[in-house]
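Q: pasting the sequence and the predicted coordinates here, then a few questions.
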Amino acid sequence: MIRLQMTLAMIKVMALELWRDRAALVMTFLLPPLVFLIFSSVFAGATGEDIQPKLGVADLAGTEVSGRVIGGLLASAEIRAERVAPATVEAVRAGVKSGRFDAGLVIRSDPAGAGRPFLIIADPGRAVAAPLAQARVQQVLARVAPDAALQRSVRDLAPALGDLTPAQSQRLDATAAGLRDRPPSGLDAGLFEREDLKDARKGGAVIAYYAGGVMILFALFSAMQGALGLMDERRSGVADRLLAGVAGMGPVVDGKFAFLVGQALVQAVAIFVTAQLVYSVPVVQHLALWLPTTLAASACSAGLALGLVSVCRTREQAQMLSTFVILVLAAIGGSMVPRFLMPAWLQTVGWFTPHAWVIDAYQGILWRDAGLSQVYRAWCVLFAIGVAGLVLAQTLARRSRR
């Protein structure tokens with residue numbers, strides 16, 4: 001009974017301290033959904049179709065086909081093309097190097113002729129812009145100059161198929177003229193059919209990903225700050241007085257753990273309510289699996305924070321260690337950069353962090369409609385980390401008593 005009363009008293013003390021510190025209150029409960037909105041707005045629109053790289057273009061060929069390609073690029077809503085003056089390779093290269101353009105395009109010869117008429121100039125600092133620009137150029141070429149693309153394809157096949165007969169050449173010219181007069185929507189229209197999973201353009205998978213990533217990141221940061229109270233109690237002598245009592249430091253650790261779990265739950269609610277209201281993420285529809293996942297993530301952050309702080313001797317040491325651990329875990333676990341962009345070995349290492357399990361569980365529930373059989377492992381891992389941290393903190397507290 002005494003232990004329970006002390007645990008409840010510690011929860012009340014920590015809640016009052018947080019309530020009286022308005023700055024900490026804002027940082028704890030308003031900053032996480034704000035950061036989530038920033039991440040989601042950035043990455044939800046970072047699909048290949050939505051990015052519009054700025055392209056500097058120069059036409060050195062001056063042919064009818066190259067003029068059509070330049071005109072198509074300038075009129076395209078999928079890329080921000082701009083003519084470079086003077087129209088030289090050096091001018092385009094200088095524009096890319098100065099940052100004026102994300103990438104450069106130089107049409108060196110007639111696109112309908114032989115060779116490689118297009119030169120893409122890329123900045124290594126914006127490596128993704130070059131393949132995107134190349135894809136946009138190919139789309140425009142297929143749209144405004146399908147006849148040139150057809151003629152190039154036939155010419156490339158000539159060594160394997162042999163020269164065309166006069167009749168075949170006439171039919172090719174007639175087909176090319178028909179394409180030039182009535183260009184199709186795309187030369188690949190008969191090869192590909194696209195199916196988007198759910199509302200992919202709204203960034204559903206990305207939103208679920210960063211909701212989980214931001215939740216565990218801020219849960220750990222806030223839990224570390226709350227756990228640092230153990231250091232303050234040691235420094236002020238409160239811990240010594242508690243150790244001299246009947247229950248010792250055990251109820252204090254329990255109370256901090258319970259408070260930090262509740263604090264992380266409130267943070268998660270703020271983040272996922274924002275996700276549901278702004279991006280229509282189906283949180284309420286998956287509440288039965290979302291709630292245990294959030295409890296597991298909250299318990300993990302609270303236990304991990306208490307365990308880390310307990311092994312430190314000073315507040316400064318605990319602050320430095322906690323910051324280092326949180327940032328490393330966040331980087332490896334995928335809270336900062338999507339894990340699918342990482343090397344394979346680093347993706348494997350990521351499973352040793354709670355972030356990877358939290359993100360995968362939330363994405364599975366909210367995006368892939370995963371069932372219990374697909375998320376229970378994440379619950380087990382997260383609860384195990386939380387319990388291990390709590391046990392470590394309790395063990396070290398008992399040793400301090402002795």
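A: Nice, I can see it.

Q: going forward, measure contacts between C-alpha atoms and count neighbours the same way
A: Noted.

Q: neighbours of the spatially closest residue to L304 that is not a sequence neighbour, how many?
A: Spatial nearest neighbour of L304, chain neighbours left out: G389 (4.8 Å); criterion: Cα to Cα, 6 or more residues apart in numbering. G389 has 25 neighbours, counted by other Cα atoms under 10 Å.

Q: which strands and helices lie in contact with the helix or strand encompassing G389?
A: Under the criterion of DSSP states H and E, G389 resides in helix 372-401. If contacts are counted by 3 or more Cα pairs under 8 Å, 6 or more residues apart in numbering; DSSP states H and E, helix 372-401 sits against helix 250-279, helix 287-310, helix 354-366.

Q: present these as CSV; the columns should include mean pLDDT, distance to T395 and mean neighbour count.
A: CSV is the format used below for the helices and strands packed on helix 372-401 (pLDDT from 0 to 100; distance: least, Cα to Cα, whole Å; neighbours: other Cα atoms under 10 Å):
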stretch, mean pLDDT, distance to T395, mean neighbour count
helix 250-279, 90, 9, 22
helix 287-310, 95, 9, 25
helix 354-366, 94, 22, 25
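
Q: contacts only, for T294.
A: 265, 268 (Cα atoms under 8 Å, 6 or more residues apart in numbering).

Q: so how far is S301 from it?
A: In this structure, T294 and S301 are 11 Å apart, going by Cα to Cα, to the nearest Å.

Q: same check, this time on L119
A: Counting by Cα to Cα, the gap from L119 to S301 is 51 Å.

Q: ok, now I326?
A: Applying Cα to Cα to I326 and S301 gives a distance of 10 Å.

Q: what do you get for A270?
A: 17 Å.

Q: let me know the outermost residue of the chain.
A: No residue in the chain sits farther from the centre than P166, which is 56.5 Å out by Cα atoms, centre = their mean.

Q: any stretches of the stretch 151-300 of the chain with poor pLDDT?
A: In the predicted model of the stretch 151-300 of the chain, residues 151-165, 168-170, 172-204, 232-250 satisfy pLDDT under 70.

Q: report the central residue of the chain.
A: Nearest to the chain centroid, counting by Cα atoms, centre = their mean: P338, 4.3 Å.

Q: quick check on that residue: phi, psi?
A: phi -50, psi 140 (degrees, to the nearest 10).

Q: what's the pLDDT at it?
A: pLDDT, P338: 80.

Q: go on, C312?
A: For C312, pLDDT reads 86.

Q: run a quick neighbour tally on L346.
A: Count around L346 with other Cα under 10 Å applied: 14.

Q: how near is it to F352?
A: For L346, the distance to F352 - Cα to Cα - is 10 Å.

Q: which ones are touching the residue farthest from the centre of the chain?
A: Taking Cα under 8 Å, 6+ apart, one finds nothing in contact with P166.

Q: same question, the one 5 residues further on
A: With contacts defined as Cα under 8 Å, 6+ apart, R171 has no neighbours.

Q: now it: which helix or strand?
A: helix 166-181.

Q: I'd say A227 and C312 touch.
A: No. When contacts are counted by Cα atoms under 8 Å, A227 is not listed as touching C312 (11.4 Å).

Q: what secondary structure does the residue nearest to I359 when sequence neighbours are not counted sit in?
A: Nearest in space to I359, with sequence neighbours left out and distances taken as Cα to Cα, 6+ apart, is G212 at 4.7 Å. For G212, the assignment made with DSSP: H, G, I helix; E, B strand; the rest coil gives helix.

Q: number of nearby residues for G212?
A: 27.

Q: and it, how far from G307?
A: Taking Cα to Cα, one finds G212 at 22 Å from G307.

Q: next: D360.
A: Distance from D360 to G307, by Cα to Cα: 24 Å.

Q: could you do G104 as well?
A: Counting by Cα to Cα, the gap from G104 to G307 is 53 Å.

Q: then L291?
A: 24 Å.

Q: could I get the full set of strands for the stretch 1-150 of the chain?
A: In the stretch 1-150 of the chain, the strands defined using DSSP state E, counting those that start in this stretch lie at 54-59, 80-83, 103-107, 118-122.

Q: and the pLDDT for P131?
A: Looking at P131, the pLDDT reads 86.

Q: number of nearby residues for it?
A: Applying other Cα under 10 Å, we find 13 other residues in the vicinity of P131.

Q: got it, and W351?
A: If we define neighbours as other Cα under 10 Å, then W351 has 16 of them.

Q: kindly report the same for P86.
A: Counted with other Cα under 10 Å, P86 comes out at 10.

Q: quick one, phi/psi of it?
A: Per-residue torsions, P86: phi -70, psi 160 (degrees, to the nearest 10).

Q: now swap in P282 and tell me
A: Note on P282: its backbone torsions stand at phi -80, psi 70 [degrees, to the nearest 10].
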